[in-house]
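Undergrad: give the three-dimensional model of this entry:
(2 chains)
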Amino acid sequence: MTADRFETDVDRALADAQLRKNFAFAMGSFILKRKAVFSDAAETERLRTLGNAIKQSALSRLPELLEQLEASCTRNGIRVHWAETPAVANRIVLEVIESHAGTRVVKGKSMVSEEMHLNAFLATHGIEAIETDLGEFIIQLNGETPSHIIVPAIHKNKAQISKIFHEKVPGAPYTEDVAELTAIARRTLRRRFQEATVGVSGVNFAVAETGTLCLVENEGNGRMCTTLPSVHIAVMGLEKVVETLEDLPPLLRLLTGSATGQLVTTYVNLITSPRREGEKDGPQEVHLVILDNGRSRIYADPELRQTLQCVRCGTCLNHCPVYTRIGGHAYGFVYPGPIGKILNPQVEGLDKAGPLATASSLCGACEEVCPVKIPIPALLRRLRNESYSTAPDSAVLGHGCRQNLTERLAWKGWAFLNTHPRLNRWVTALLGAFGEYLPPAGPLERWMRYRTEPMFAPKSLHRRIKEEGLTDE
Amino acid sequence: MSDTARDRILDRLRRAPRSELPRPAAAAAAAAPQRAAMLARLKSLLEAMRAEVHVVPAADWLPRLKEILRARSIKTLLYAPDTGVGAELSAAWEADASGLPDLVPYGGPVETFKDQLFAVDAAVTTAAGAVADTGAIILRPGPHEPRLMSLVPSIHIAVLPSAAIFPSLGDAMREGRWSADMPTNLLLISGPSKTADIELTLAFGVHGPKELIVLILE
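TA: So this is what the prediction gives:
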């Protein structure tokens, strides 16, 4: 992604009044809902500190916990696969589906599968993967990608969704009644669940101790996908592992409270094995695909490793003044908002996604609400610096990609000016007198696209202190 | 350098600089609230999630269930004959089934039972317990009580002995020794299936049950 394309997309989003209205309304509601469930500040702080400690502890033993998870799952009859890249993960999923001659796949919401672009990949092999989360179903009908981690179709309002249903769901009447729209989705998708041979899901937490996959949801489509088809394939990023079941209660409270302002979701689904002897339902095979996709590289840097604490609650999006105004699509990558600004550049490389890290006012709202206390602003500053880094041992992909002659010369000149007093006095006097006539061209023009033009005082502060003295001492 | 993806990933992770951090100590268990307080909290939270909650004396749950069912005039009720709840249910139906739905057992593996399962109106299951502080019932489906009973029929009725209400999820895990014996599937359920994906407007029954009815037996 070039910085130019990002800027164009941002401009387009900012000019879309309906989009801005949709996001302003939804994000405002989410903020209030979260506040209602985290009303006790001291208790919330205690919980966040605990969540941070649990995730940091798990990350500090990540390779050992992953091995333990694999052993526990294998013992339970869950088949574990490892993938370094989305391409490999896609291939694994495809092979499992093909080994069952499956062509009908139903999917629960999973950001990792978005990261893999799994649906598009399966489509090229003649396999239709139906998204069954209502929001995902809506945007799949419309050929779009999610604009929010938790509510993927939140950029659409009711009227827009009514139109999509009427045009894309066979036999659906035009209605703006949310209950009726929901009923249409129920009817359509129940048939899909019945016919499906393979279900694909994500994972919210994987418990190493017991080999248990924990999935949270409100709709029940996740349970359908993981119970009805004879094969269940779960995909997860390798950072999702926690040590014990007892880590779950605080993490679940933090996740659902932050995501939707709920004390608990409608369903917390703990899956520990495929169908056992004597059981009448549940998949006969459960597969777990553990995806790296750059995470082990992020892990190599102790500061940036904190990115991997993320539980994907989306609350940093809801509280971000930038996200609220431009929405999720303008970012141009799978993960939008503050978490996306630190995650995408590290996964895809600073050369491709680095400009995302600049789309922040560093106001710090994301860090204040993050349930696991990821210091997002500090990591944003770190990534901005990495874009210009000359350190050869940096682990960040694409580090130093923004080094350029103009800026290097500008900073060299700046340093020279500030270490040569006589020259400094002469140049500041010159800028004070004629600075306002600087032509807005070249680098200055770029600078001024989103900033006001530099204003030069007729006399430098240095000069004035010399002349007037310090009075306020 | 090893040649499987697994080994390469683990190798990269092991080479990263790190120092082991202990798991945070579990918070000292607070004194368990009074049973009545837990029951009240559970009931009000479940109701806030649009579940229907009936607190009944253990001896009276079947007459109450019959009232609930008669009021809804439904035709078929999925039940689990081999559970305590199922056995009581079929005995009560033998005594008097007038105006009541036909009892349907989960007739075989889901592969052969799917059409019937999707046509049934309601299901009755046992709840293995409940969590008071967040408001949720715990289900441990198994051979006698399959997983889809609490998901596919439009009405899910759960029978919960009030003695099985725990203050928190952590308490339920510890006292129930979950880590030593996890079933194939274990569920927390806090209400009927719902979504807010369209303009954050709540709508119920998007995929799973449209109604959750909890009978708490005292």
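Undergrad: beta partners of the residue most central in space within chain B?
TA: Here the mean C-alpha position of chain B is nearest to the C-alpha of residue B:139 (CA atoms, centre = their mean), at a distance of 3.7 Å. For residue B:139, the beta-bridge partners are residue B:187 (DSSP bridges).
Undergrad: report the contact partners of residue A:347.
TA: Taking CB atoms under 8 Å, 6 or more residues apart in numbering or on different chains as the criterion, residue A:347 is in contact with A:115, A:293, A:294, A:295, A:298, A:353, A:397. (C-beta placed from N, C-alpha, C; glycine too.)
Undergrad: no wait, residue B:212
TA: Applying CB under 8 Å, 6+ apart, the residues near residue B:212 are B:46, B:49, B:50, B:51, B:52, B:156, B:158, B:189, B:191, B:192.
Undergrad: on that earlier part again, give me the buried subset of the contacts of residue A:347.
TA: Among the contacts of residue A:347, those classed as buried by 16 or more other CB atoms under 10 Å in any protein chain shown are A:115, A:293, A:294, A:295, A:298, A:353, A:397.
Undergrad: tell me the confidence at the last one?
TA: According to the per-residue confidence, residue A:397 scores 94 in pLDDT.
Undergrad: how close does the nearest residue to it once chain neighbours are set aside sit to chain B?
TA: Leaving aside its chain neighbours, residue A:397 sits nearest to residue A:349 (4.0 Å; criterion: CB to CB, 6 or more residues apart in numbering or on different chains). For residue A:349, the distance to chain B equals 17 Å [CB to the nearest CB, to the nearest Å].
Undergrad: isn't residue A:349 right next to residue A:402, touching?
TA: No - under the criterion of CB atoms under 8 Å, residue A:349 makes no contact with residue A:402, lying 11.9 Å away.
Undergrad: the lowest-mean-pLDDT helix or strand in chain A packs against which elements?
TA: The helix or strand of chain A with the lowest confidence, counting by mean pLDDT, DSSP states H and E, is helix A:442-447 at a mean of 81. The contact analysis (3 or more CB pairs under 8 Å, 6 or more residues apart in numbering or on different chains; DSSP states H and E) places helix A:442-447 against no helix or strand.
Undergrad: list every C-alpha atom in it, with coordinates, as PDB.
TA: In PDB, the C-alpha atoms belonging to helix A:442-447 read as follows (Å, rounded to 0.1, in the frame of the first residue of the first chain):
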ATOM      1  CA  GLY A 442       7.800  19.900  -3.200                       C
ATOM      2  CA  PRO A 443       8.200  18.400   0.300                       C
ATOM      3  CA  LEU A 444       6.400  21.400   1.800                       C
ATOM      4  CA  GLU A 445       3.300  20.800  -0.300                       C
ATOM      5  CA  ARG A 446       3.200  17.100   1.000                       C
ATOM      6  CA  TRP A 447       3.700  18.300   4.500                       C
END
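Undergrad: what's the following helix or strand after it?
TA: The helix or strand immediately downstream of helix A:442-447 is helix A:461-468, counting by DSSP states H and E.
Undergrad: roughly how far out does that next one sit from the chain middle?
TA: Put simply, helix A:461-468 sits 49 Å off its chain's centre (CA atoms, centre = their mean, to the nearest Å).
Undergrad: next: stretch A:242-249.
TA: Chain-centre distance of stretch A:242-249: 23 Å, with CA atoms, centre = their mean.
Undergrad: contacts only, for the residue of chain A found nearest chain B.
TA: Nearest to chain B, among the residues of chain A, is residue A:220, at 2.9 Å (CB to the nearest CB). The contact partners of residue A:220, by CB under 8 Å, 6+ apart, come to A:266, A:267, B:151, B:193, B:206, B:207, B:208, B:209.
Undergrad: how close does the spatially closest residue to the fifth one that is not a sequence neighbour get to residue A:98?
TA: Spatial nearest neighbour of residue B:206, excluding adjacent residues (CB to CB, 6+ apart): residue B:195 at 4.3 Å. Plainly put, residue B:195 is 32 Å away from residue A:98 if you go by CB to CB, to the nearest Å.
Undergrad: tell me which of the two has more neighbours.
TA: Using other CB atoms under 10 Å in any protein chain shown, the more surrounded residue of residue B:195 and residue A:98 is residue B:195, with 28 against 13.
Undergrad: contacts for the one helix or strand residue A:161 maps to?
TA: Assigned by DSSP H and E, residue A:161 falls within helix A:158-168. Residues outside helix A:158-168 that contact it (CB under 8 Å, 6+ apart): A:138, A:141-142, A:153, A:156, A:172-176, A:178, A:181, A:184, B:198-199, B:201.
Undergrad: ok, back up a step: and for the least confident helix or strand of chain A, what's in contact with it?
TA: Residues outside helix A:442-447 that contact it (CB under 8 Å, 6+ apart): A:406, A:410, A:438, A:453, A:454.
Undergrad: out of the residues you listed, which touch chain B?
TA: The overlap between the contacts of helix A:442-447 and the neighbours of chain B (CB under 8 Å from any CB of the partner chain) is empty.
Undergrad: of all the residues you listed, which two lie farthest apart?
TA: Greatest spatial distance among the contacts of helix A:442-447 (CB to CB): A:406 and A:453, at 17.9 Å.
Undergrad: comparing the two, which residue is more hemmed in?
TA: Each of residue A:406 and residue A:453 has its neighbours counted (other CB under 10 Å); residue A:453 has more, 13 against 10.
Undergrad: the more buried one contacts residue A:437, correct?
TA: No - contact criterion CB under 8 Å: residue A:453 and residue A:437 do not qualify, at 11.1 Å.
Undergrad: in chain B, which residue sits nearest chain A?
TA: Closest point on chain B to chain A, by CB to the nearest CB, is residue B:208, at 2.9 Å.
Undergrad: can you report phi and psi for the residue nearest to residue A:76 when sequence neighbours are not counted?
TA: Among residues not flanking residue A:76 along the chain, residue A:273 sits closest, at 4.1 Å (CB to CB, 6+ apart). Residue A:273 adopts backbone torsions of phi -160, psi 170, taken as degrees, to the nearest 10.
Undergrad: can you get me a residue count around residue 117?
TA: Chain wasn't specified; assuming chain A. Using other CB under 10 Å, residue A:117 has 15 other residues around it.
Undergrad: the intended chain is chain B.
TA: 23.
Undergrad: let me see the contact set for the residue nearest to it when sequence neighbours are not counted.
TA: Closest residue to residue B:117 apart from its sequence neighbours, by CB to CB, 6+ apart: residue B:152 at 5.3 Å. By CB under 8 Å, 6+ apart, the residues touching residue B:152 are B:117, B:118, B:120, B:123, B:208.
Undergrad: swap in residue B:128?
TA: Shown in contact with residue B:128 (CB under 8 Å, 6+ apart): B:138, B:139, B:140, B:164, B:176.
Undergrad: filter those to the buried ones?
TA: Neighbour counting with 16+ other CB under 10 Å marks B:138, B:139, B:140, B:164, B:176 as buried within those.
Undergrad: export these as a markdown table, with columns for pLDDT.
TA: Below are the buried ones among the contacts of residue B:128 laid out as a markdown table (pLDDT from 0 to 100):
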| residue | pLDDT |
| --- | --- |
| B:138 | 98 |
| B:139 | 98 |
| B:140 | 98 |
| B:164 | 95 |
| B:176 | 95 |
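Undergrad: and those, which two are furthest apart?
TA: It's B:139 and B:176 that sit farthest apart of the buried ones among the contacts of residue B:128, by CB to CB, at 12.6 Å.
Undergrad: could you find the closest non-adjacent residue to the residue nearest the centre of chain A?
TA: Chain A has residue A:335 as the residue nearest its centroid, 3.1 Å off, counting by CA atoms, centre = their mean. Computed as CB to CB, 6+ apart, the closest residue to residue A:335 that is not its neighbour in sequence is residue A:343, at 5.0 Å.
Undergrad: burial count for the spatially closest residue to residue A:227 that is not a sequence neighbour?
TA: Leaving out its chain neighbours, the residue that sits closest to residue A:227 by CB to CB, 6+ apart is residue B:147, at 5.0 Å. Using other CB under 10 Å, residue B:147 has 27 other residues around it.
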